[in-house]
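Colleague: here is a sequence with its predicted model. Questions after.
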Amino acid sequence: MDSTSREQVSQDGATEVDAVVIGAGIGGLYAVRKLAADGLSVLGFDSASDVGGVWRHNGYPGARVDIEAYYYSFFDPEIYPEWQWSMRYPPQPELLAYLQHYADHYGLRQFFRFSTRVQAMQWQPQTNRWKVQTDSGETVYARHVVMATGQLSKSRQLPFAGVEDFKGQWLETSHWPDEPVDLTGKRVAVIGTGSSGAQVIAAIAGQVESLHVFQRTPNYVVPSQNSPMDRDRYRQLSENLGELWDQVMETGVAYLAPTTDVPASQMTAEQQLQRLNDQWAFGGLSMTFAFPDQKTDWQTNDLVSNFVRGKIRDAIDDPTLADKLEPRDYPIGTRRLVVCNGYYEAFNQDNVHLVDLRTDSIERVTETGIQTTAGFHEVDVIISALGFDAFTGALDSIDIRNAEGQKPTDGWDRGPHAYLGLMVHGFPNMYVLTGPGSPSVLVNFNVHNVFHVNYVADLITFMDENGHDSVDATIEAQNEWHLQTQEAADGLLRKQVKNYMVHVNDDGSRVFIPYSGGWSKYVGIVNRIAEEGYTGFTFTGRGQSDPEIESRSAAALSV
């Protein structure tokens, strides 16, 4: 699969390739493999020292995937049968080892420049190429750029005064050091109680001298009910990967899970309780789809929310503490559900202390700890677990400019959006995997990345076969898709609650960023667009635009 020999050198000494891939995580690894296999010259970049993406950077204690490994895998007949997962929900070291194995198996490292950050990209309309510049001083010209940078990769910084004054050890869950970190006997503060915060809290509570947890908003935290991988089931799935892929394509979340079509209103109280207990016993994210109407019906959601709240209170010995840890201000599923074993039980330990930032806010960080309105907490280690600058952070970290000098996010003042969640109008030949307007963070990222890469590869093949040098999303199609994305989210409780998936405009209007119509519906729409000759896209170059394709209206997007 070696296509590196097809790289060329331009007159100014820069490298010229068919495609640049930015990111060496799940999407980037598969993109390099797929495009190289299609005969393209490919060059990848990643700021890390090796492959892994989010599963390399997020190496904090307790880090674990929240989708079963049966489906959080490449459905690859050369990889799937031979790999042995230990658990249904594997830990970070195992996930990283899996991606390293994938890279080894297909010899993917040869395509990457590691420890190299892409600093700038400029579209060159005269040649229909992207000029890509790195922090190492290298310049590369590429026909296509695949942004495999992820939607949850750019971390949020602590917004408190004095952060630079702290003399102790400073750690981020999203960029955990590669070398081992020993927290034994340390006085530790964790700021943030989302997924990474909860997981690290549960993992280190038993080894540190003291643990102060700074919580702004209580989260619903549910157990994974993790267990060893069912070897017989895994073997059966590995023997029918094509069928498994087809089944996953028909789901709403890009993985198989226990769902029902029967709304709670059509069940008896006993049936409702049985359903809730079954979902709890299955574990993981299953509580977000206990009933089909819980995302839109307040009464049904209350049923699920109160069930989980009861489980939370049962796990906490101190009722006063339970009052602070129990999420009461928003319904379950409207913020990201956190999957973590032993989180609430950790607060039963004498060395674990909750700092409720709703009543005791942080004033500043000092040389030796954290000053709040109620007192001072002296610590040796501060762990930031504030999550990510989703959707825009990774794109804005690179100075990307089109022919008019605009950045992709310049037109996102009223919320991020892209045609099919893949291409931003005005930025030809640049593909944003799992971008805003795709199901993105609502579904299985592994499957989503593979689907998007395959779509991009087919689009490039279509261009080459028809003599096109560039492809862009029309503004009409992008705007129409944005409307469809919002229509799909109308009625969702999640759109009415503050969370990172909702952009709130100055006038109070709300934009739901991912496509929430379900994975299978999304797949059907974008596949049909391809079958019809890529409606909503415009092509230019050697073959010029196809007038029939270009004249098709954005109305063709409607189902």
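Modeller: Alright, I've got the coordinates.
Colleague: can you report how many residues lie near Thr217?
Modeller: Using other Cβ atoms under 10 Å, Thr217 has 15 other residues around it. Just so you know, the C-beta spots here come from the backbone N, C-alpha and C atoms, and that holds for glycine as well.
Colleague: no, scratch that, I was asking about Ser41
Modeller: By other Cβ under 10 Å, neighbour count at Ser41 equals 21.
Colleague: hang on, it packs against Val21?
Modeller: No. Ser41 lies out of contact with Val21 (Cβ atoms under 8 Å); the separation is 11.5 Å.
Colleague: tell me where the stretch 1-150 of the chain has helices.
Modeller: Using DSSP state H, counting those that start in this stretch, the helices of the stretch 1-150 of the chain run over 26-37, 54-57, 92-106.
Colleague: whoops, I mixed them up, the stretch 401-550 of the chain
Modeller: Going by DSSP H, counting those that start in this stretch, the stretch 401-550 of the chain shows helices at 445-465, 475-489, 519-531, 547-551.
Colleague: check the stretch 201-350 of the chain too.
Modeller: Going by DSSP H, counting those that start in this stretch, the stretch 201-350 of the chain shows helices at 231-238, 241-249, 269-282, 298-315, 319-325, 343-346.
Colleague: turn these into TSV, columns for distance to His101.
Modeller: Shown next, in TSV, are these (distance: least, Cβ to Cβ, whole Å):
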stretch	distance to His101
helix 231-238	15
helix 241-249	17
helix 269-282	28
helix 298-315	36
helix 319-325	39
helix 343-346	31
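Colleague: can you redo the ones you listed as a markdown table with mean neighbour count, mean pLDDT and distance to Glu164?
Modeller: Formatted as a markdown table, those follow (neighbours: other Cβ atoms under 10 Å; pLDDT from 0 to 100; distance: least, Cβ to Cβ, whole Å):
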| stretch | mean neighbour count | mean pLDDT | distance to Glu164 |
| --- | --- | --- | --- |
| helix 231-238 | 13 | 96 | 49 |
| helix 241-249 | 15 | 98 | 46 |
| helix 269-282 | 15 | 98 | 44 |
| helix 298-315 | 17 | 97 | 37 |
| helix 319-325 | 14 | 97 | 30 |
| helix 343-346 | 21 | 98 | 30 |
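Colleague: so which of those is nearest Lys521?
Modeller: helix 241-249 (10.9 Å; Cβ to Cβ).
Colleague: what helices and strands are in contact with that closest one?
Modeller: Packing contacts for helix 241-249, counted by 3 or more Cβ pairs under 8 Å, 6 or more residues apart in numbering; DSSP states H and E, involve helix 519-531.
Colleague: how does it look with 10 Å?
Modeller: helix 231-238, helix 445-465, helix 519-531 (3 or more Cβ pairs under 10 Å, 6 or more residues apart in numbering; DSSP states H and E).
Colleague: tilt between the last one and helix 445-465?
Modeller: Taking axes from the mean of the first three to the mean of the last three Cα atoms, to 10 degrees, helix 519-531 and helix 445-465 form an angle of 10 degrees between their directions.
Colleague: how far off centre is helix 519-531?
Modeller: 21 Å (Cα atoms, centre = their mean, to the nearest Å).
Colleague: the shortest one now?
Modeller: Shown here is helix 231-238, whose average C-alpha point lies 27 Å from the average C-alpha point of the whole chain (Cα atoms, centre = their mean).
Colleague: ditto for stretch 512-520
Modeller: Worked out by Cα atoms, centre = their mean, stretch 512-520 lies 14 Å from the chain centre.
Colleague: now do stretch 227-235
Modeller: For stretch 227-235, the distance to the chain centre is 26 Å (Cα atoms, centre = their mean).
Colleague: re the thing from before, any chance of TSV for the helices of the stretch 401-550 of the chain, columns mean neighbour count and mean pLDDT?
Modeller: Shown next, in TSV, are those (neighbours: other Cβ atoms under 10 Å; pLDDT from 0 to 100):
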stretch	mean neighbour count	mean pLDDT
helix 445-465	20	97
helix 475-489	19	96
helix 519-531	18	98
helix 547-551	11	40
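Colleague: contact partners for Phe451?
Modeller: Neighbouring residues of Phe451 by Cβ atoms under 10 Å, 6 or more residues apart in numbering: 245, 248-249, 254, 433-434, 438-439, 443-444, 519, 522-523, 526-527.
Colleague: and it, how close does it get to Lys498?
Modeller: 30 Å (Cβ to Cβ, to the nearest Å).
Colleague: check which helix or strand covers Ile382.
Modeller: Assigned by DSSP states H and E, Ile382 belongs to strand 381-384.
Colleague: for that strand, give me every contacting residue.
Modeller: Residues contacting strand 381-384 (Cβ under 10 Å, 6+ apart): 60-61, 155-158, 160, 163, 166, 168-176, 181, 183, 186-192, 196-197, 200-201, 204, 208, 211-212, 214, 365, 369-370.
Colleague: just the buried residues of these.
Modeller: Buried residues within the contacts of strand 381-384, counting neighbours by 16 or more other Cβ atoms under 10 Å: 60-61, 155-156, 158, 160, 166, 168, 171-174, 176, 181, 183, 186-192, 196-197, 200-201, 204, 208, 211-212, 214, 365, 369-370.
Colleague: for the protein, give me the ranges with low pLDDT.
Modeller: For the chain, residues meeting the criterion pLDDT under 70 lie at 1-12, 151-156, 388-390, 542-559.
Colleague: again, only using 50
Modeller: Along the chain, the model assigns pLDDT under 50 to residues 2-5, 11, 153, 543, 545-559.
Colleague: now, which of the contacts of Phe451 sits nearest Ala31?
Modeller: Leu433 (7.4 Å).
Colleague: number of residues surrounding the closest one?
Modeller: 32.
Colleague: and it, how far from Gly533?
Modeller: 23 Å.
Colleague: ok, back up a step: which of the helices of the stretch 401-550 of the chain sits closest to Leu108?
Modeller: helix 445-465 (13.1 Å).
Colleague: quick one: distance of that closest one to the chain centre.
Modeller: Using Cα atoms, centre = their mean, the offset of helix 445-465 from its chain centre is 18 Å.
Colleague: please apply the same query to stretch 83-103.
Modeller: With Cα atoms, centre = their mean, you get 18 Å for stretch 83-103.
Colleague: which of the residues in it are buried?
Modeller: 83, 85, 87-92, 94-96, 98-100, 102-103.
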